[in-house]
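Chemist: Show me how the following folds:
(chains A, B, C, D, E and F)
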Protein chains: 4
Amino acid sequence: MPREVRERQMLDAAVEVFARRGYRAASMDEIAELAGASKPLVYLYLNSKEDLFGACVRREADALKASVRAAIEPDASADDRLWHGLRAFFTHTAEHPDGWAVLSCQARTNGEPAAPVADELRQEMVGLVTRLIAATAAEGAGGDGSAALAGHEASGLAHALVGAAESLAGWANTRTGAVPSAKETAATLMNVAWVGLENLRGGRRWTHAARP
Amino acid sequence: MPREVRERQMLDAAVEVFARRGYRAASMDEIAELAGASKPLVYLYLNSKEDLFGACVRREADALKASVRAAIEPDASADDRLWHGLRAFFTHTAEHPDGWAVLSCQARTNGEPAAPVADELRQEMVGLVTRLIAATAAEGAGGDGSAALAGHEASGLAHALVGAAESLAGWANTRTGAVPSAKETAATLMNVAWVGLENLRGGRRWTHAARP
Amino acid sequence: MPREVRERQMLDAAVEVFARRGYRAASMDEIAELAGASKPLVYLYLNSKEDLFGACVRREADALKASVRAAIEPDASADDRLWHGLRAFFTHTAEHPDGWAVLSCQARTNGEPAAPVADELRQEMVGLVTRLIAATAAEGAGGDGSAALAGHEASGLAHALVGAAESLAGWANTRTGAVPSAKETAATLMNVAWVGLENLRGGRRWTHAARP
Amino acid sequence: MPREVRERQMLDAAVEVFARRGYRAASMDEIAELAGASKPLVYLYLNSKEDLFGACVRREADALKASVRAAIEPDASADDRLWHGLRAFFTHTAEHPDGWAVLSCQARTNGEPAAPVADELRQEMVGLVTRLIAATAAEGAGGDGSAALAGHEASGLAHALVGAAESLAGWANTRTGAVPSAKETAATLMNVAWVGLENLRGGRRWTHAARP
DNA sequence: GATGAATGAGGGTTCATTCAT
DNA sequence: CATGAATGAACCCTCATTCAT
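Modeler: Residues are numbered from 1 along each chain as shown, chains lettered A, B, ... in the order given. All right, here's what the predicted structure looks like:
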């Protein structure tokens, strides 16, 4: 069996086991067995548990980024791009629950080699969403470019949106039951985002004092 | 030294170590040493690592729930209650980063005894927020109770809100740097929530088709 | 069983196994079993294989030094001191063949932590012998202090003597058969040393040219 | 490339690696790589690590013996033969430090297949030196064959000489610094040997009682 | 002959946990 | 209660060795 194939099987198995057990509790024995290979072969191809984990995180992060990017048509309107990006995000995380678990839970809790990759993924997502929100706002502003969104507001909204998306994706994967489906969640988020934009652009804000 | 005090010290130490190292990497030796107690005593009081972890999760979940509940005055307006609840949530998680790390990261990744507790906490939070949103919507609807929010929409919004809150709380604890402060984050979320409500109540929705 | 006793048993076992198998081939399992303790206890007391090896080398080096030093009466004549030192050396190495095997073979072949200890032991022995030879020469010189031994000649002789002693000690331990006994060897060496001194002091040297 | 050449390359590499790392720590991977051959070929030619080690020891022992023998002219005087033999010994060990390290350190500590070869080498050396010493003594005895050396004394001296030579050779290879050069060492040993012979032949002995 | 794929066996190390004092 | 002594079980990792191509 060619190396490439074996290596992919190993990564698949590792992602599954890391997701199920956590980094520390995952044993190389279990990963090797699930991959249908012997332990020394895993070490030959992937060097160490740490490297294997790093490879998993990188692969999953790249795959998620690729899914989201592929869903966004560069020439579409901003809110269309946001919508398709969100849908792709939820679809991908729903289809790769283990990968998402590794990215969202394990990568950030298990130190040096993997954490930066997860951080980078998140920053990229937030940056992407921030740009899309800003673009949406600009488009919507129409003729008078007057009240486009302040930069930090777009960023705050993006953080909230990504946070909500991340958390909901994990929640949907963890819990089986009355949890909104991926599409519904995307719609809700889209509503919040779009609708929030409308109001923010219109200068309408909630303040504590404003309410009796 | 009375048992209650000792036990609290142990839990404090355990939460700190579990947060810093993760469940598996945390060692009973380190916990006992940090607690200033002997290892056999830890076992006498808390039986096993698993039980100790469970006790930590329960205690931290209860404390967070108590903080949020205490911040909500039953007679205040709905959006005031939501505002104070959110602020309390962010304040508490910022003041107990280790506890929050255990609840949000460790509890959900480390199997049977702790995961249900974390799940329950989240459901409670979502339920609380859903009720507050529904109440807000009802209040705002004023005379004509016409377009009050559909139940599943309130629930979806609540999920998004709680997800965003959770993720942002973790993010604020993890990252040092240009991250919105707890108060700013609460304000952003409040804005999104309120503003989302306004539009949803007004029947304004985003739909894919609505855009050319 | 008190820690001190256990620790000595462990060192005894370790010296035996290291001598028999060599550093790398020695297994902590075998050492622990021979010591009558469990492996974790060995690690608790002695940290690691490397540290254990270092402790063995240090202990055996100290014991050998102590034996030789104890045999030398400070007020005796120089050649008497040399004689007793040599006898003590051969007696000790014959009584502790494993210790000597570790010092002479393993310590110098197995890297950083132990090699310096073995080097130091050897330098100390050579220094001691050099001083004794010089003292013997001075004593023997009688009234005219004229032709006392040149320093580098004493040192050369000392190196040769120690080298011979070391190698013969190892040889006597390794091979069973027609090998001179410890006492005979000491006598031979003593003869060579004393007799070499006589000639060197008398200016008699061997040179290649001197012989047709 | 003919088998003979390849095999020599393998042995060269193996000697180097065995000397540097020790028998156990040496890896067949490193040896094969250093030899510029594939691992299966190493196994095809030399069967196993043990056999490879044995072949190394045998080759190095034979080479050393050959060097020493070649340096000895059968018709020269006995002490001339001793002198040239010693010089050849020190020259060879200085020029093949790895080989000497394998012979003197590794071969004797690593069990069955190699130890006898090293033992045999040493016995041969001691026998050779014993014969040379006896011959020297006989020559020097001149007209009156009275006080020729007792056999066990020649043997004792030979053991000491070989021991000193071995140890000093190893010492010179190991330590860099103020260590006597090969030639100086040979001269010192020669002095000791010759000078010892003179006295022994003259009936002068050191005895403990002889000194007050 | 060379290469890549593959593994059984074993070694160093750690840890949760117990028990006598 | 606190302490020290003690361990079974597992985990990460390596290596000599083989076989098909």
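
Chemist: what residues go with each domain of chain A?
Modeler: For chain A, automatic domain parsing gives the domain ranges A:1-46, A:58-201.

Chemist: Figure out which of those is closest to DNA strand E.
Modeler: domain A:1-46 (3.1 Å; Cβ to the nearest atom of the strand). All C-beta atoms are positioned from the backbone trio N, CA, C, and that covers glycine.

Chemist: do that closest one and DNA strand E meet at all?
Modeler: Yes. Counting by Cβ under 7 Å from any atom of the strand, DNA strand E has neighbours in domain A:1-46: A:1-3, A:6, A:37-41, A:44.

Chemist: Which of those residues are buried? Put it as a ChimeraX command.
Modeler: To isolate in ChimeraX the members of the residues of domain A:1-46 next to DNA strand E that are buried, counting by 16 or more other Cβ atoms under 10 Å in any protein chain shown, one can use:
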select /A:6,37,41
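
Chemist: Pick the one among the residues of domain A:1-46 next to DNA strand E closest to chain D.
Modeler: Here the nearest of the residues of domain A:1-46 next to DNA strand E to chain D, counting by Cβ to the nearest Cβ, is residue A:44; it sits at 11.2 Å.

Chemist: which element is that closest one on?
Modeler: helix A:39-46 (DSSP states H and E).

Chemist: same for the helix or strand residue A:4 falls within, what does it pack against?
Modeler: Assigned by DSSP H and E, residue A:4 belongs to helix A:3-21. On a contact count with 3 or more Cβ pairs under 8 Å, 6 or more residues apart in numbering or on different chains; DSSP states H and E, helix A:3-21 meets helix A:28-35, helix A:39-46, helix A:49-71, helix A:97-101.

Chemist: Quick check: next helix or strand after the longest helix seen in chain A?
Modeler: Longest helix of chain A, by residue count under DSSP state H: helix A:115-140. If you walk from helix A:115-140 toward the C-terminus, the next helix or strand you reach (DSSP H and E) is helix A:151-174.

Chemist: Sketch out the low-pLDDT regions of chain A for me.
Modeler: A:139-150, A:171-180, A:208-212 (pLDDT under 70).

Chemist: follow-up on the earlier one: point out the most buried one among the helices and strands packed on helix A:3-21.
Modeler: Stretch with highest mean neighbour count among the helices and strands packed on helix A:3-21: helix A:97-101 (a mean of 21; mean count of other Cβ atoms under 10 Å in any protein chain shown).

Chemist: who does that helix touch, helix- and strand-wise?
Modeler: Checked by 3+ Cβ pairs under 8 Å, 6+ apart, helix A:97-101 has helix A:3-21, helix A:49-71, helix A:78-95, helix A:151-174 packed alongside it.

Chemist: Say whether DNA strand F is contacted by the first one.
Modeler: In other words, helix A:3-21. No. Counting by Cβ under 7 Å from any atom of the strand, DNA strand F has no neighbours in helix A:3-21; the shortest distance is 9.0 Å.

Chemist: What are the contacting residues of that helix?
Modeler: A:26-27, A:30-32, A:34-37, A:41-42, A:45-46, A:52-53, A:55-56, A:59-60, A:97-99, A:101-102, A:106 (Cβ atoms under 8 Å, 6 or more residues apart in numbering or on different chains).

Chemist: again, only using 6 Å
Modeler: A:26, A:30-31, A:34-35, A:42, A:45, A:52, A:56, A:59, A:98-99, A:101-102, A:106 (Cβ atoms under 6 Å, 6 or more residues apart in numbering or on different chains).

Chemist: And the furthest pair within these?
Modeler: Across the contacts of helix A:3-21, no pair lies farther apart than A:45 and A:101, at 23.1 Å, counting by Cβ to Cβ.

Chemist: just to revisit the earlier point, got the helices and strands packed on helix A:97-101 as a markdown table, with distance to residue B:115 columns?
Modeler: Compiled in a markdown table, the helices and strands packed on helix A:97-101 are given as follows (distance: least, Cβ to Cβ, whole Å):
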| stretch | distance to residue B:115 |
| --- | --- |
| helix A:3-21 | 12 |
| helix A:49-71 | 22 |
| helix A:78-95 | 19 |
| helix A:151-174 | 8 |
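
Chemist: looking at those helices, which is closest to residue D:70?
Modeler: helix A:3-21 (52.6 Å).

Chemist: Now the closest one - C-alpha only, CSV.
Modeler: Extracted in CSV, the C-alpha atoms of helix A:3-21 (Å, rounded to 0.1, in the frame of the first residue of the first chain):
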residue,chain,number,x,y,z
ARG,A,3,2.6,5.7,1.6
GLU,A,4,0.2,8.5,0.7
VAL,A,5,-2.8,6.3,1.2
ARG,A,6,-1.5,4.9,4.5
GLU,A,7,-0.7,8.4,5.7
ARG,A,8,-4.2,9.6,5.0
GLN,A,9,-5.7,6.6,6.9
MET,A,10,-3.4,7.4,9.8
LEU,A,11,-4.5,11.0,9.9
ASP,A,12,-8.2,10.0,9.6
ALA,A,13,-7.8,7.6,12.5
ALA,A,14,-5.8,10.1,14.5
VAL,A,15,-8.4,12.8,14.1
GLU,A,16,-11.1,10.5,15.2
VAL,A,17,-9.3,9.3,18.2
PHE,A,18,-8.1,12.8,19.2
ALA,A,19,-11.6,14.0,18.9
ARG,A,20,-13.1,11.1,21.0
ARG,A,21,-10.5,11.0,23.7
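
Chemist: where's it relative to the chain centroid, distance-wise?
Modeler: 20 Å (Cα atoms, centre = their mean, to the nearest Å).

Chemist: If you count neighbours, what's buried in it?
Modeler: A:6-7, A:10-19, A:21.

Chemist: Which of the helices and strands packed on helix A:3-21 sits closest to residue A:111?
Modeler: It's helix A:49-71; of the helices and strands packed on helix A:3-21, that one is closest to residue A:111 (Cβ to Cβ) at 8.7 Å.

Chemist: Tell me if stretch A:123-138 is near chain B.
Modeler: No. Figure legend: stretch A:123-138 not in contact with chain B (Cβ under 6 Å from any Cβ of the partner chain); closest approach 9.5 Å.

Chemist: How far does that stretch sit from its chain's centre?
Modeler: Per Cα atoms, centre = their mean, the centroid offset for stretch A:123-138 relative to its chain is 15 Å.

Chemist: Go through that stretch and flag the buried ones.
Modeler: A:125-126, A:128-130, A:132-137.

Chemist: Ok, stretch A:183-192 next?
Modeler: Applying 16+ other Cβ under 10 Å to stretch A:183-192 flags A:184-192 as buried.

Chemist: got JSON lines for those, with secondary structure and distance to residue C:155 too?
Modeler: Listed next are these as JSON lines, based on DSSP: H, G, I helix; E, B strand; the rest coil; distance: Cβ to Cβ, whole Å:
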{"residue": "A:184", "secondary structure": "helix", "distance to residue C:155": "91"}
{"residue": "A:185", "secondary structure": "helix", "distance to residue C:155": "86"}
{"residue": "A:186", "secondary structure": "helix", "distance to residue C:155": "87"}
{"residue": "A:187", "secondary structure": "helix", "distance to residue C:155": "92"}
{"residue": "A:188", "secondary structure": "helix", "distance to residue C:155": "89"}
{"residue": "A:189", "secondary structure": "helix", "distance to residue C:155": "86"}
{"residue": "A:190", "secondary structure": "helix", "distance to residue C:155": "89"}
{"residue": "A:191", "secondary structure": "helix", "distance to residue C:155": "92"}
{"residue": "A:192", "secondary structure": "helix", "distance to residue C:155": "88"}
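
Chemist: nearest to chain C, of those?
Modeler: Taking the buried residues of stretch A:183-192 together and measuring to chain C by Cβ to the nearest Cβ, the closest member is residue A:185, at 50.0 Å.
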